[in-house]
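Novice: A structural model of the following input is requested.
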Amino acid sequence: MNPSLITAVNAPVPPSPQSPLLCHVLTPLPLRLSKSQCPSRRRYRVSFPRCAATSSEQPLVSAQAKKSNVHGNKKELTGLQPIVEKMTPPVRLATSAVVLAATLASGYGLGLRLAGSRNIALGAAAAAGAAGGAAVYALNSAVPEVAAIGLHNYVAEIEDPASVTKDDIEKIASRYGVSKGDEAFQAEICDIYCRYVTSVLPAEGQSLKGDEVEKIVKFKSALGIDEPNAASMHMEIGRRIFRQRLETGEREGDAEQRRAFMRLVYVSALVFGDAASFLLPWKRVLKVTDAQVEIAIRENAKQLYAERLKLVGRDINVENLVDLRKAQLSFKLSDELAEDLFREHTRTVAIENISSALSVLKSRTRAVKSMALVVEELEKVLEFNNLLVSLKSHSEADQFARGLGPISLIGGDSDFERRMDDLKLLYRAYVTDALSSGRIEENKLVAMSQLRNILGLGTREAEAISVDVTSKAYRKRLANAVTSGDLEAQDSKAKYLQKLCEELHFDAQKASAIHEEIYRQKLQQYVTDGELSDDNVAALLRLRVMLCIPQQTIEAAHAEICGSIFEKVVREAISSGVDGYDAETRKSVRKAAHGLRLSRETAMSIASKAARRVFTNYIRRARAAENRTESAKELKKMIAFNTLVVTEMVADIKGESSDKEPEEPVQVKAEDGEDEEWGSLESLKKTRPDKELSEKMGKPGQTEITLKDDLPDRDRIDLYKTYLLYCVTGEVTRIPFGAQITTKRDDSEYLLLNQLGGILGLTSKEIVNIHVGLAEQAFRQQAEVILADGQLTKARVEQLDELQKQVGLPQPQAEKVIKNITTTKMANAIETAVNQGRLNIKQIRELKEANVSLDSMIAVSLREKLFKKTVNDIFSSGTGEFDETEVYETIPSDLSIDAEKAKSVVHDLARSRLSNSLIQSVALLRQRNRKGVVSSLNDLLACDKAVPAEPLSWEVSEELSDLYDIYSKSDPKPAPEKVSRLQYLLGIDDSTATALREMEDGVFSSAAEEGNFVF
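Specialist: Sure, this is the predicted structure:
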């Protein structure tokens, strides 16, 4: 800032109970002084140095010039002021008394001398005394201004205004005989304080140093200015900064004024402490919100604390931390912000070393010494981190600065989160150095863990780097041990390798993986010519023993490496096709199978995988064929491929000679209890070839490689059934005009069918079931035509026996089919009768006595429907009877339905029929139908037995009486309990009931017959 003096205009000030403090173009802030202390007219000057430049072009003033101009130049005394300044208070008092007495005496003497009258002399004395009093008053009234000027000149002469003490102020006041509370003197004190505060606040472009608050508080105490007056000076400075901000037309100037105002708010808050909230009304005077005040305090506190942190390096100690804590509290900085700033500072200190290490690491002229420099820088970071951790656990840590703890480069303003690759390089360099001696110490492991946390590396990332570096070190030591013969000379090679892993802190499983990798590399090197020699096998065995590689791992390596070579040979052999599998191809297969030292299981597994892939292609084309004939042709190709290629390849892998006597063809053998089926089913019988046909067909196909695990059971059965139908029906050839010619095939097709079953992996039972199922299907189709009406006669039985012999279906299956057909026909007839209402419970019982299974023939919903119909018939029978055992137990048992559900149905029907029966009875009463009335009332009583009801209501009570009268006198005479229950339900009292029974004429009397019947 460019400080400058702003001098107020000397203008008369009217008397006021509060002393105005004039500032340049500012509203004066009155001080709280009594009215008696204020003179009628006073002229004085108050000056303020500017806190900010009005133009960006003004030069900066040096700190020395600022100090000399804090309170301006000395003020000159005018008028009576020099005389007053020379007088001490006693002299001034005596002079005032002498002047007053002299004027009175001179006036009295002059009046007596000139007028010769005593009265005139007294008047002249009074006039002269008034003039003398005015002179004395003028002399004494100038004292406060002289004292204020004396105070100003005293402060202006001092090189450092902060050296002013309270005693100095009191001495000046006592010298002139004035009070410190005097208006002019107090105004000068406020002016001095305001100028000092302005000078202490930093200039433009500068920041707070941290000692401003202490200086201001000390100076305020020295001046003895009270809190409200001091606070008013802070507000005046804020007003002036706010006005200058409004007058500034440049963005930079406006920002600087804003920063100056924020510094003023912060310093003022610290100066006045908790009283600042009501002594400094920023919000009311300058429209500054509480949030803006908090921001000003927070940002300046952060700036001061950050500056204080810069004084602390990596050699931080307990004293530094205690000082920082005290500074934080004095700056009014929250613990959270202080913690963040301290962590950022420690991060910055660590980044210096990290950056130096990276510069060395990425240097093009990097050498061995450079790596030592990198490790040295990282060791400094670790040492600093350990110091912070140890201080955090100090016994007096609660008095230390907040934020102590491990360092982390992640977070803050650094860009290392985007430079994770560089941090990984540093970590790799440190781990490499730790393993440079061929072993790793415990302290290095701890340091590596701490460095990982400092660099912000993830556990997996750091572990990957450590494993990579340690793997290289392990390989190096292992190679030296093998080359020197130390490993081979060991009695327990496992212990030697285990010790090596422990020295390097290397995982044994990862070491085993390295051993396996070494073995694989050797194996890959030896099989480049397509086979393993005896020397190669011996060398591999020696390597396996030294590295303690398990047999399972060895087999897996051979299966993968040698198996891939063998698989290539097998693919070439299979791809040659049926005609290309010649002697040369067979030789290559034999050489690969035995030269690569593969086990028979492994070789067969590889060959099976390749062969099944070809089988699957044939299956896919067979499914996509247009008709059964084309599908069967594709399946025949697959059978031929299996016989001519796959079978020969399996023999070569096993080492069997092709000139070996052909084995008996694979036959489908029936299990126990299936001899009868073999004897009756022609299609199944033909799959067993005789000797002559077997010799004609040649060597049978292999059955070790199948599609059992590649295809679902349903698909395998469908494929077998397709070829079986082809064998049965023959080859169908379509000719023009929609006709077709069927060519029957010989029994050799059934032998191919047998081989197809082996390729598909079907068991003997599955094959038998397919043949039986096909025969059963043919028999069912013909039997349904014969038994169209469901009636089984003797002629039809003979016809079905003949059909069974033609189809070859065993007797049990034939009987089962016939029974299913007849049962289905009967079930349909019964279901139709139930739906049409032609079947009642009596007929159902007769069918059950005839051992007809109604549960399987009639659905549950139909049986429930039949039960509901039966109950409804009981409630409408007109007898009034309801047998609970019959309805709730017997009938549900006969119909095989749930008894509880049946009971619920009965209750629902009874409730609905109860009211309907009453309505029907009244309707029949009105129709003069006596018999119908009695029947309906019996139905009502039956419903009441099922669900006891409350008395019924009816609009015309006479009709209820008529109903009771008719029922009680009906013929035959009803049971007394029925009459009594009806009386209760109709709501008829005993007297009315007795009167009705005693009446001789019934309801339908002669009068009624004549038309007098009243409803």
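
Novice: And L918, how far from G987?
Specialist: In this view, L918 and G987 are 11 Å apart by C-beta to C-beta, to the nearest Å. Backbone N, C-alpha and C define where each C-beta goes, glycine included.

Novice: which one of those two has more residues nearby?
Specialist: Taking other C-beta atoms under 10 Å, L918 and G987 do not tie; L918 has more neighbours (23 against 16).

Novice: Number of residues surrounding the residue nearest to that one when sequence neighbours are not counted?
Specialist: Computed as C-beta to C-beta, 6 or more residues apart in numbering, the closest residue to L918 that is not its neighbour in sequence is L952, at 5.5 Å. When neighbours are defined as other C-beta under 10 Å, L952 has 16 of them.

Novice: quick revisit: between L918 and G987, which contacts overlap?
Specialist: L952 (C-beta atoms under 8 Å, 6 or more residues apart in numbering).

Novice: Run a quick check on the residue nearest to L918 versus Q983, I expect a contact.
Specialist: No: with contact defined as C-beta atoms under 8 Å, L952 does not reach Q983; the gap is 11.7 Å.

Novice: and whichever helix or strand L373 is part of, how far from the chain's centre?
Specialist: Element membership for L373, per DSSP states H and E: helix 368-392. Helix 368-392 has its C-alpha centroid displaced from the chain centroid by 39 Å (C-alpha atoms, centre = their mean, to the nearest Å).

Novice: mean confidence score for that helix?
Specialist: For helix 368-392, the mean per-residue pLDDT is 87.

Novice: Would you mind listing where the stretch 1-150 of the chain has pLDDT under the threshold?
Specialist: 1-74, 76-105, 107-113, 115-118, 121-122, 124-125, 128-129, 131-143, 146-147 (pLDDT under 70).

Novice: mind redoing it with 50?
Specialist: By pLDDT under 50, the weakly predicted segments of the stretch 1-150 of the chain are 1-68.

Novice: So the residue nearest to L918, which state does it fall into?
Specialist: Of the three states, L952 takes coil under DSSP: H, G, I helix; E, B strand; the rest coil.

Novice: Next up, the contacts around it.
Specialist: If you count contacts by C-beta under 8 Å, 6+ apart, then L952 has L914, S915, L918, L985, L986, G987 around it.

Novice: could I get these as JSON lines with distance to K869 and secondary structure?
Specialist: Below are those laid out as JSON lines (distance: C-beta to C-beta, whole Å; DSSP: H, G, I helix; E, B strand; the rest coil):
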{"residue": "L914", "distance to K869": "19", "secondary structure": "helix"}
{"residue": "S915", "distance to K869": "21", "secondary structure": "helix"}
{"residue": "L918", "distance to K869": "23", "secondary structure": "helix"}
{"residue": "L985", "distance to K869": "26", "secondary structure": "helix"}
{"residue": "L986", "distance to K869": "29", "secondary structure": "helix"}
{"residue": "G987", "distance to K869": "32", "secondary structure": "coil"}
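
Novice: Throw these into a markdown table and include pLDDT and distance to R612, thanks.
Specialist: Shown next, in a markdown table, are these (pLDDT from 0 to 100; distance: C-beta to C-beta, whole Å):
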| residue | pLDDT | distance to R612 |
| --- | --- | --- |
| L914 | 81 | 76 |
| S915 | 81 | 77 |
| L918 | 82 | 81 |
| L985 | 80 | 83 |
| L986 | 80 | 88 |
| G987 | 82 | 89 |
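
Novice: Make sure V578 is actually in contact with F641.
Specialist: Yes: at 6.0 Å, V578 and F641 qualify as touching, with contact defined as C-beta under 8 Å.

Novice: Tell me which of the two has more neighbours.
Specialist: In terms of neighbours (other C-beta under 10 Å), F641 is the more surrounded of V578 and F641; the figures are 22 against 11.

Novice: where's the more buried one relative to A573, distance?
Specialist: 12 Å.

Novice: Work out the gap between the helix or strand that contains R347 and the centre of the chain.
Specialist: Per DSSP H and E: R347 is located in helix 335-361. Its chain's C-alpha centre and that of helix 335-361 lie 33 Å apart, by C-alpha atoms, centre = their mean.

Novice: quick one: it to helix 368-392, angle?
Specialist: With axes from the mean of the first three to the mean of the last three C-alpha atoms, to 10 degrees applied, the angle from helix 335-361 to helix 368-392 works out at 170 degrees.

Novice: All good on my end, thank you.
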